[in-house]
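# After the sequence you'll find the predicted model.
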Amino acid sequence: MPEGHTIHRLAAEYHRVFGGQAVAVSSPQGPFADAAARIDGRVLTETDAKGKHLFLGFASGDWVHIHLGLYGKVFWGHGPAPEPVGQVRMRMTTAADDAYSDLRGPTKCLLVDEGEKREVEARLGPDPLRPQDTGDAAWKRISSSRTTIAALLMDQKVLCGVGNVYRAEVLFRQGVNPHRAGRSLDRAEWDGIWADLRPLMREGVRVGRIDTVRPEHTPEAMGRPPRQDDHGGEVYVYRRAGQPCLVCGTEVRTEEHAARNLFWCPRCQS
DNA sequence: TCTGGATGTTCAT
DNA sequence: TGAACCTCCAGAG
């Protein structure tokens, strides 16, 4: 589930497992082999995340820049790493050989220097998961844009880390119709979205999945039968087309919007 | 067993 | 705006 919360969680996990150690890095069957050889045996000093971009920093000054894309995944294992199965782009193993991670299917996995890392970060809007970031720069873009708020929330240059699930859910929670132009929002509406995203995504980092339903709206609280999500979290509208809205009972709608699936409740978000 | 779709980005047109 | 790229899984047949 690679939205921003997944990446920040991975940054913490890479640091917890490998931080401060000389790690073995290999690329068993991938095009990352040369880069892996360059950092193999170096000390992993820090990890960083901005939006959906993950950075693993080495004492040599090199950073591994990872973007999971739609399919990328990191598998974690204890004990000595077994023979890799399938395509593993980057395998990292502790100095003691008691833990390892396998990165599969990322859109991006390459070695960059400090300047290149800064360039990547400079292209991104503020990240709700970074405490030092504010929503001001995003508001500047949104308040002058004729593009829909649905499309703007997915534009990583406007703000970063939000994907299709958080987009659908935060707009529902704030009662904002996704088709409204950015510039039709007032500052209070944007502040509401930004202020809601922060704790929502922080909770995503903590638990490792996207839960957005307020306690008073859970199926139990509403006296409805429990539902099983196919993406591991409890949500209001994401992939719930045709189902009754948890709050008002109106059928949740879906459409393709800017080449992505959009979900909303036409009544709660009128 | 095969097909299509998916939480994302980038490049070409 | 559409295709391409990476992988996995549910559903169809």
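Looks like it arrived, so ask away.
# Buried residues in the longest helix seen in chain A, which are they?
The longest helix of chain A (DSSP state H) is helix A:187-207. By neighbour count with 16 or more other C-beta atoms under 10 Å, helix A:187-207 contains the buried residues A:189-190, A:192-194, A:196-198, A:200-201, A:204-205. Every C-beta, even on glycine, is put in place using the N, C-alpha and C of the backbone.
# Now the closest residue to DNA strand B within chain A: phi and psi?
Closest residue of chain A to DNA strand B, C-beta to the nearest atom of the strand: A:Gly163 (2.0 Å). Main-chain dihedrals, A:Gly163, degrees, to the nearest 10: phi -120, psi -160.
# quick one: contacts for A:Asn261?
Shown in contact with A:Asn261 (C-beta atoms under 8 Å, 6 or more residues apart in numbering): A:164, A:239, A:254-255.
# typed the wrong thing, it's A:Ser60
Contacts of A:Ser60 (C-beta under 8 Å, 6+ apart): A:38-39, A:42.
# Same list (the residues you listed) but as CSV, adding distance to DNA strand C.
Converted to CSV, these look like this (distance: C-beta to the nearest atom of the strand, whole Å):
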residue, distance to DNA strand C
A:Arg38, 22
A:Ile39, 21
A:Arg42, 25
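# Is it possible to mark the buried ones in those?
Neighbour counting with 16+ other C-beta under 10 Å marks A:39, A:42 as buried within the contacts of A:Ser60.
# A:Ser143 and A:Arg183 touch, don't they?
Yes. At 5.6 Å, A:Ser143 counts as touching A:Arg183 under the criterion of C-beta atoms under 8 Å.
# where does the stretch 1-150 of chain A come near DNA strand C, residue by residue?
Counting by C-beta under 7 Å from any atom of the strand, the stretch 1-150 of chain A comes close to DNA strand C at A:69-71, A:73, A:86-87, A:104-105, A:107.
# Now list the buried members of those.
Buried members of those, scored by 16+ other C-beta under 10 Å, are A:104-105.
# Tell me, what's the model's pLDDT at A:Ala33?
A:Ala33 carries a pLDDT value of 89.
# Not counting sequence-adjacent ones, nearest residue to it?
If the residues on either side of it in the chain are set aside, A:Ala33 comes closest to A:Ser27, at 4.3 Å by C-beta to C-beta, 6 or more residues apart in numbering.
# ditto for A:Gly192
A:Gln174 (5.0 Å).
# can you count the residues close to the one you found?
Look at A:Gln174: counted by other C-beta atoms under 10 Å, it has 20 neighbours.
# do the one 4 residues further on as well
When neighbours are defined as other C-beta under 10 Å, A:Pro178 has 21 of them.
# okay, the residues of the stretch 1-150 of chain A next to DNA strand C in JSON lines with pLDDT next?
Shown next, in JSON lines, are those (pLDDT from 0 to 100):
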{"residue": "A:Gly69", "pLDDT": "93"}
{"residue": "A:Leu70", "pLDDT": "89"}
{"residue": "A:Tyr71", "pLDDT": "88"}
{"residue": "A:Lys73", "pLDDT": "92"}
{"residue": "A:Gly86", "pLDDT": "76"}
{"residue": "A:Gln87", "pLDDT": "84"}
{"residue": "A:Arg104", "pLDDT": "91"}
{"residue": "A:Gly105", "pLDDT": "90"}
{"residue": "A:Thr107", "pLDDT": "92"}
